[in-house]
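J.: 3D, please:
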Amino acid sequence: MAERILILAAHSDDEALGCGGTIARFSGEGAEVHIAFLADGIGARAPDVVPDPMALQERRAAAEAAAYILGAASVSFDDLPDNRLDCIPLLEITQRIEALIARYRPATVFTHHAGDLNIDHRRVHQAVVTACRPQRGHPVRTLLCFEVPSSTEWQPPGSGTAFLPNWFIDIGSTLDKKLAALDAYAAELRDWPHPRSRQGVEHLARWRGACVGYEAAEAFILARCLR
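T.: All right, here's what the predicted structure looks like:
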């Protein structure tokens, strides 16, 4: 049976930024990779009005196009309010994540880093860790946390846990797919030298690779591994 992997992200584009090369690599090697988004991703742009259905549809279409490029088996969308997950009880977010874990039964979960600047990233991380408590019979054996350019590195020292990666995945053969997936999110990219520019993302992948002797890599914090 193919390994099942679940990517739990706050917003569509976080998955491509944080672990797009890894998704492409593992799916290309036969893994069954599922992507799930918790927040709508657009509500914070006009917080006093209902999110534009057309804008939401376009954002989801971009996510589906990116998932196809990366070879994901499925992509799903929840409707929690963008950049307001601190207003949602943690139990509710956790229960939604538990339902996803029950549906896909993943052995490996990728999610956000605990110290990101973005509040939604931090809340999703906390809910995932809660949902992945290592209890008897729980399917998740490995839990990895990714970085998101323009969120992880923008947290000032002392304001959150620093991202100090201890797990690296070689994406030298799939960096092109990561960048192609980001092109699907063209509306979310910024001009260089913004960290969420195409060049910024490639430079980060090259640097993470250089740190461990690869052409390109994605870096993670290993939160738990049961073997």
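J.: Enumerate the positions of stretch 220-227 that are buried.
T.: Neighbour-count burial for stretch 220-227 flags 220-221, 223 (criterion: 16 or more other CB atoms under 10 Å). Any C-beta I mention is one placed from the backbone N, CA and C, and that applies to glycine too.
J.: Quick check, Val124 in contact with Ile93.
T.: Yes - the criterion here is CB atoms under 8 Å, and Val124 meets it with Ile93 at 7.0 Å.
J.: Of the buried residues of stretch 220-227, just say which sits nearest to Ala186.
T.: Using CB to CB, Phe220 is the member of these that lies nearest Ala186, at 26.0 Å.
J.: Check the offset of stretch 172-182 from the chain's centre.
T.: 15 Å (CA atoms, centre = their mean, to the nearest Å).
J.: in that stretch, what counts as buried?
T.: Per 16+ other CB under 10 Å, stretch 172-182 contains these buried residues: 174-175, 177-182.
J.: elements contacting the helix of greatest length in the chain?
T.: The helix that spans the most residues within the chain, counting by DSSP state H, is helix 53-70. Applying 3 or more CB pairs under 8 Å, 6 or more residues apart in numbering; DSSP states H and E, one finds that helix 53-70 contacts helix 14-28, strand 32-39, strand 74-80, helix 175-184.
J.: May I see the ones you listed organised as JSON lines, with distance to Arg59 and mean pLDDT added?
T.: As requested, the helices and strands packed on helix 53-70 are exported to JSON lines (distance: least, CB to CB, whole Å; pLDDT from 0 to 100):
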{"stretch": "helix 14-28", "distance to Arg59": "12", "mean pLDDT": "98"}
{"stretch": "strand 32-39", "distance to Arg59": "9", "mean pLDDT": "98"}
{"stretch": "strand 74-80", "distance to Arg59": "9", "mean pLDDT": "97"}
{"stretch": "helix 175-184", "distance to Arg59": "11", "mean pLDDT": "98"}
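J.: Ok, which of these comes nearest Ile88?
T.: Closest approach to Ile88 among the helices and strands packed on helix 53-70 is made by strand 74-80 (6.0 Å; CB to CB).
J.: can you give me the helices for this protein?
T.: 14-28, 53-70, 90-104, 119-131, 175-184, 198-212.
J.: which residues sit in contact with His112?
T.: When contacts are counted by CB atoms under 8 Å, 6 or more residues apart in numbering, His112 touches 9-10, 14, 18, 121-122, 124-125, 128, 145-146, 148.
J.: ok, for it, nearest residue in space, not its chain neighbours?
T.: Once flanking residues are discounted, His112 sits nearest to His121: 4.0 Å by CB to CB, 6 or more residues apart in numbering.
J.: and the one you found, what is it in contact with?
T.: Applying CB under 8 Å, 6+ apart, we find His121 in contact with 10, 14, 112-113, 148, 151.
J.: Can you give me the pLDDT of it?
T.: At His121, the model reports a pLDDT of 98.
J.: Next: Gly41.
T.: On the pLDDT scale, Gly41 is placed at 82.
J.: Can you report how many residues lie near it?
T.: Gly41 has 27 neighbouring residues, counting by other CB atoms under 10 Å.
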